[in-house]
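>>> Here's a sequence, model it:
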Amino acid sequence: MKKIYWLLLLFLTFGFALYNNFRGSSVREMITYTIIHGSWLFLVGTLTITGIIFFKTRLRFLSIVLIIASISLFLFGVYIYVNMNSFCSTAITPPHLSTNKFTGECRYFGYSGCVYHDPWFYIPGCKAIWEGNPELCEEVDGDRARDLCYLKSISYFSDISVCNVFSINTSCISNVVRDTNNTTLCGHAGDAADDCYLYYGRILLNDSACLSINDVGDHDRCLRYVIQERGLPELCKMMKENDSVTTCLDRAYKIVADKTMNITYCHLILDNHTRRKCVLSLGSSVDDPSICEYISDDDRNKRDACYYRIAVKTNDESICGLIWSGSLEYDRCYVSIIYGKKDLSLCDQIDAETTKQLCRAVVSLDYNHCWETEYEQSHCAIEVVKLNGDVNACHDLPGDGSRDYKIHRDNCYWYASGFYNDTIFCHFMEIDFLIDDCENKRFSGSRSITFK
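Residues are numbered from 1 along each chain as shown. This next block holds a predicted model:
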């Protein structure tokens, strides 16, 4: 075959490859893919032509091999091309305008699969946008491109009068407001002005936009959202519905209190429940027990819970003394902190004798301290059993054989069976319903126990 034909094949294949890749996102990309695709097409053509020549010279076996290789290579290339396109077909490029470097044509791009970048000979924007001159948009071809040109150029100088060229005037104004963050332009949206103010008032947290809304419900709804996000109590006075002002102020004061860590704002809250939540949240955040004093005597349990949380968080047992001694939190507070410190001497600082004996027993893991007073002995013994499983505390529990005593002792055995996951301790129990509960709810197993 003459060289001129090979040169012609080379020219056609690489020319076709260049034509297909000329719109690449860069010159480098265009050249790279042109070389790859051109080489592939040239090789396919070479194998095909060579196979035909061999077929004519009666080298038919070799001809068939070359034809098969040519077809396989062609199909492989098509497969790669199709799969690459199917992968990128889900990509959506936002709509935008770009200008051809050579012709100056402004063109619309976007909302099409596999368009990640504009061709290398296009630059972003149009002259109408650069100069802020919507009149130049008339030169742009295509309705979508022309509308987008108007919107982008309008945004540069906020002249919404140009929106009159659109069939959907309110959509144009909304886009200008979005691009310029100028919510005052919503006033030109006619019947849709309130919707525009409400939407962008919430998006931009712009209270001025909310105040421009005529509808009472939307006006207050917009303000509530801005107040919630920004914490501006003074805006509550701008609410149109009087019954919502008080609720608004309470919520705003709590937001400000949480942000500034200043309890003064909690005292401005009128609703008791909201005020208590405000104080409690600050108490756990700033670790200051004096904050708990602001909780009224009527909410003593809440106040004790406040002291308990701060004491445990700061690991300071002295705060436990501020809790009412008759509260469950009182024992829990001292025991949980002192047990963690493993310092038996700290138990002596406790005023309540029953709590002091519980503290000594739990810290030392010696149930004999539980007998130091005649009160809360079973409770103390059970707490020790929960920690170390010493069933001797149950055996030695003092009592008069009454039903109450048997219940306390059976509860002690019940916790021992739970500690060891062994139902053997159920056999020491005397109360039927507790025995049944122990045998049915504990896992069977064995563990050596040394009784004294």
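
>>> Show me how the record splits this protein into domains.
Taking automatic domain parsing as the reference, the chain has its domains at 3-88, 241-286, 288-361, 365-452.

>>> Redo those domains as TSV? Include mean pLDDT, mean neighbour count and distance to W120.
Every residue, glycine included, has its C-beta placed from N, CA and C. Shown next, in TSV, are the domains of the chain (pLDDT from 0 to 100; neighbours: other CB atoms under 10 Å; distance: least, CB to CB, whole Å):
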stretch	mean pLDDT	mean neighbour count	distance to W120
domain 3-88	80	14	5
domain 241-286	81	17	50
domain 288-361	83	18	62
domain 365-452	80	17	73
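
>>> closest to A189 out of those domains?
Nearest to A189 among these is domain 241-286; the distance by CB to CB comes to 24.5 Å.

>>> how distant is that closest one from the center of its chain?
Counting by CA atoms, centre = their mean, to the nearest Å, domain 241-286 is centred 25 Å from the centre of its parent chain.

>>> and the helix or strand encompassing T99, which strands flank it?
T99 is part of strand 96-100, with elements assigned from DSSP states H and E. Note on strand 96-100: by DSSP bridges, its sheet partners are strand 106-109 (antiparallel), strand 122-124 (antiparallel).

>>> Tell me the buried residues in that strand?
Neighbour-count burial for strand 96-100, counted by 16 or more other CB atoms under 10 Å, picks out H96, L97, S98, T99.

>>> Quick check: nearest residue in space to the third one, chain neighbours excluded?
Taking CB to CB, 6 or more residues apart in numbering as the measure, S98 lies nearest to Y122, with 4.0 Å between them; neighbours along the chain are not counted.

>>> check contacts around that neighbour.
Contacts were defined as CB atoms under 8 Å, 6 or more residues apart in numbering; by that measure Y122 touches S98, T99, N100, K101, R107, F109.

>>> how about the nearest residue to the third one, chain neighbours excluded?
Counting by CB to CB, 6+ apart, N100 lies nearest to Y122, which is 5.8 Å off, once chain neighbours are set aside.

>>> ditto for the fourth one
The shortest distance from K101 to any non-neighbouring residue, by CB to CB, 6+ apart, is to F121 (4.9 Å).

>>> okay, that neighbour: pLDDT?
The model reports F121 with a pLDDT of 76.

>>> Likewise for W130?
60.

>>> just the helices in the stretch 101-250 of the chain please.
Taking DSSP state H, counting those that start in this stretch, the helices of the stretch 101-250 of the chain run over residues 127-131, 143-157, 169-180, 193-203, 207-211, 216-230, 245-260.

>>> L75 is nearest to which of the ones you listed?
For the helices of the stretch 101-250 of the chain, proximity to L75 was assessed by CB to CB; helix 143-157 is nearest, at 37.9 Å.

>>> taking the strands paired with strand 96-100 together, which one is wrapped up most tightly?
Ranked by average neighbour count under the criterion mean count of other CB atoms under 10 Å, those are headed by strand 106-109 at a mean of 20.

>>> how much space is there between the spatially most central residue of the chain and C172?
A centroid search over the chain (CA atoms, centre = their mean) returns E229, at 17.0 Å, as the residue closest to the centre. Noted for E229: a distance of 28 Å to C172, by CB to CB, to the nearest Å.

>>> what do you get for L397?
Here the criterion is CB to CB. By it, L397 lies 85 Å from C172.

>>> what's the nearest residue to the residue nearest to the centre of the chain if we skip its chain neighbours?
Among residues not flanking E229 along the chain, L205 sits closest, at 5.5 Å (CB to CB, 6+ apart).

>>> these two touch, right, that neighbour and I227?
No: L205 lies out of contact with I227 (CB atoms under 8 Å); the separation is 9.7 Å.

>>> So for the two, which residue has more residues nearby?
Comparing L205 with I227 by neighbour count (other CB atoms under 10 Å), the higher total belongs to I227, at 25 against 17.

>>> need the contact list for the more buried one.
I227 makes contact with P233, L235, C236, C248, R251, A252, I255 under the criterion CB under 8 Å, 6+ apart.

>>> quick one: which of the contacts of Y122 is nearest D297?
For these, the residue nearest D297 by CB to CB is F109; the value is 71.0 Å.

>>> so who does the residue lying closest to S212 once chain neighbours are set aside touch?
Sequence neighbours aside, Y197 is the residue nearest to S212 in space, at 5.0 Å (criterion: CB to CB, 6+ apart). In this structure, Y197 makes contact with T183, C186, A209, C210, S212, I213, D218, C222, judged by CB under 8 Å, 6+ apart.

>>> how near is the fourth one to R360?
Pointing back at C210 there. The value you get for C210 to R360, if CB to CB is used, is 63 Å.

>>> again, but for the second one
Relative to R360, C186 is positioned 72 Å away (criterion: CB to CB).

>>> Kindly report the same for the fifth one.
Distance, S212 to R360, by CB to CB: 70 Å.

>>> Kindly report the same for the first one.
Noted for T183: a distance of 69 Å to R360, by CB to CB.

>>> quick check, distance from the stretch of helix or strand Y415 belongs to to the centre of its chain.
Remark: Y415 resides in helix 403-420, with elements defined by DSSP H and E. Using CA atoms, centre = their mean, the mean C-alpha position of helix 403-420 is found 46 Å from that of the whole chain.

>>> could you dump that helix to CSV, C-alpha only?
Extracted in CSV, the C-alpha atoms of helix 403-420 (Å, rounded to 0.1, in the frame of the first residue of the first chain):
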residue,chain,number,x,y,z
ARG,A,403,-41.4,-10.2,107.2
ASP,A,404,-39.8,-6.8,106.5
TYR,A,405,-36.4,-8.1,107.7
LYS,A,406,-36.8,-11.2,105.5
ILE,A,407,-37.6,-9.0,102.5
HIS,A,408,-34.5,-6.9,103.1
ARG,A,409,-32.3,-9.9,103.5
ASP,A,410,-33.8,-11.7,100.4
ASN,A,411,-33.1,-8.5,98.4
CYS,A,412,-29.5,-8.7,99.5
TYR,A,413,-29.2,-12.3,98.3
TRP,A,414,-31.0,-11.3,95.0
TYR,A,415,-28.2,-8.8,94.3
ALA,A,416,-25.6,-11.3,95.2
SER,A,417,-27.0,-13.8,92.7
GLY,A,418,-26.9,-11.0,90.2
PHE,A,419,-23.2,-10.2,90.9
TYR,A,420,-22.1,-13.8,90.4
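
>>> Mind giving me the packing neighbours of that helix?
The elements that helix 403-420 packs onto, with contact taken as 3 or more CB pairs under 8 Å, 6 or more residues apart in numbering; DSSP states H and E, are helix 377-388, helix 392-395, helix 432-441.

>>> could these go into JSON lines alongside distance to W371?
What follows is these, written out as JSON lines (distance: least, CB to CB, whole Å):
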{"stretch": "helix 377-388", "distance to W371": "6"}
{"stretch": "helix 392-395", "distance to W371": "10"}
{"stretch": "helix 432-441", "distance to W371": "23"}
